[in-house]
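Asker: With the sequence up front, the predicted model follows.
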Amino acid sequence: MTTVRTISSITASQSWKLHQMDVKNAFLHGDLHEEIYMKLPFDYIIITGTECGLITKFQKMLHATFHMKYLGQLTYFLGLEVHHRANGIFLNQHKYIQDLITLVGLEDISSVDTPMEVNVKYKKDEGDILDDPTLYRRLVGSLIYLTTTRLDISYAVHQVSMSSPRHLHLAAVRRIIRYLRGSPTRGLFFSTNSSLQLIAYSDADWVGCLDTHQSTKSLCMFLGDALIFWKCKKQYRVSKSSTEVEYRAMSIVYSKIVWLHGLLDPDNARKVKKIKKYEPCSDAMSKHSETKNTKRTFFGKTGSLCSAPFIINVIPIYTRK
């Protein structure tokens, strides 16, 4: 969905039109007498660009080659509701949230102001295990997809993603859905006045997991004022220091920057004037004796893969004593 958000941001800032086409039948006809393997194709296509004439020509070519139907301006795509406004494009998942509330039977329950209680971290073996985790896994899967437009629940959903869920975890999932009930129309806005400057932030919670002592990396990226990517995930290995965990998070950001720069290339990349990278700074990072070796280990020559100039700014962290 990063690609969809990025295209939506560029389309809004450049005042382009978003068109949608549907493949009437994306599967082959005929009897198969052998075992085959295939990837399921998407049957919806989004088309945008600067030249209306070329777009029309491309649509006619697709229609002549495949059984396709023109659906007009993009309004709905894979559960995303697309609202076109004079000052930009707004994405949300209102219907998806309403269906989720109905599924769990919380239509008449009051909403809450936060997706989870403050300063709460859940252990994987805390409380009684659920006899049948089917509904729990379905709800968590739906919540994960909701993070496509709802950054505000990403951390809470990360906390309740358990392989062996307990009743306490199900209660936490229900609280997230109650929070969504109070703000079902919230989403992402892509302004027509937004620039195409790529800005990235990263941070990490060192040994924050109470069960495995793994650290949690978090990062987000903006194209101008538009939020196009975010991630909150446990790191695969235990880091020896806060310096190491910070650089691991930063290396993921640089890899994503290189990928996004390739997505914007060749035409739009020329419009990306510069890329800013914001990273947290603490005394541990500035004084750690192995900082230089750690940086070399995780970054290598990543910067050379992207031709756009990087500007790295440090956000100081002040610890209250």
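Answerer: That came through fine.
Asker: now the spatially most distant residue from the centre of the chain: how far from residue 136?
Answerer: Relative to the centre of the chain, and counting by Cα atoms, centre = their mean, the farthest-placed residue is residue 33 at 40.7 Å. As judged by Cβ to Cβ, to the nearest Å, residue 33 and residue 136 stand 41 Å apart. From N, CA and C alone the C-beta is placed, and that goes for glycine too.
Asker: Kindly provide the distance from residue 217 to residue 248.
Answerer: In this view, residue 217 and residue 248 are 6 Å apart by Cβ to Cβ.
Asker: quick one: which of the two has more around it?
Answerer: The residue with more neighbours, out of residue 217 and residue 248, is residue 217; 23 against 20, by other Cβ atoms under 10 Å.
Asker: what secondary structure does that one sit in?
Answerer: Put simply, residue 217 is strand when judged by DSSP: H, G, I helix; E, B strand; the rest coil.
Asker: for residue 49, same thing?
Answerer: coil.
Asker: next one: residue 81
Answerer: strand.
Asker: Residue 109: helix or strand, and which one exactly?
Answerer: For residue 109, there is no enclosing helix or strand under DSSP states H and E.
Asker: actually residue 3, not the one I wrote
Answerer: helix 2-14.
Asker: and the next element down the chain from that helix?
Answerer: For helix 2-14, the following helix or strand on the C-terminal side (DSSP H and E) is strand 19-23.
Asker: mind listing what's buried in that next one?
Answerer: For strand 19-23, burial by neighbour count (16 or more other Cβ atoms under 10 Å) applies to 19, 20, 21, 23.
Asker: Ranking helices and strands of this protein by mean pLDDT, which lands last?
Answerer: helix 283-287 (a mean of 46; mean pLDDT, DSSP states H and E).
Asker: hey, where'd the strands end up in the stretch 101-250 of the chain?
Answerer: Residue ranges of the strands in the stretch 101-250 of the chain, as given by DSSP state E, counting those that start in this stretch, are 187-191, 198-205, 216-223, 226-234.
Asker: can you tell which of these is closest to residue 127?
Answerer: Among the strands of the stretch 101-250 of the chain, the nearest to residue 127 by Cβ to Cβ is strand 226-234 (20.7 Å).
Asker: Mind listing the strands that closest one pairs with, and their directions?
Answerer: Here strand 226-234 has these sheet partners by DSSP bridges: strand 216-223 (antiparallel).
Asker: tell me the angle of the partner strand relative to strand 187-191?
Answerer: Orientation check (axes from the mean of the first three to the mean of the last three Cα atoms, to 10 degrees): strand 216-223 against strand 187-191 gives 30 degrees.
Asker: Select the longest helix from the protein.
Answerer: Counting residues, the longest helix in the chain under DSSP state H turns out to be helix 242-264.
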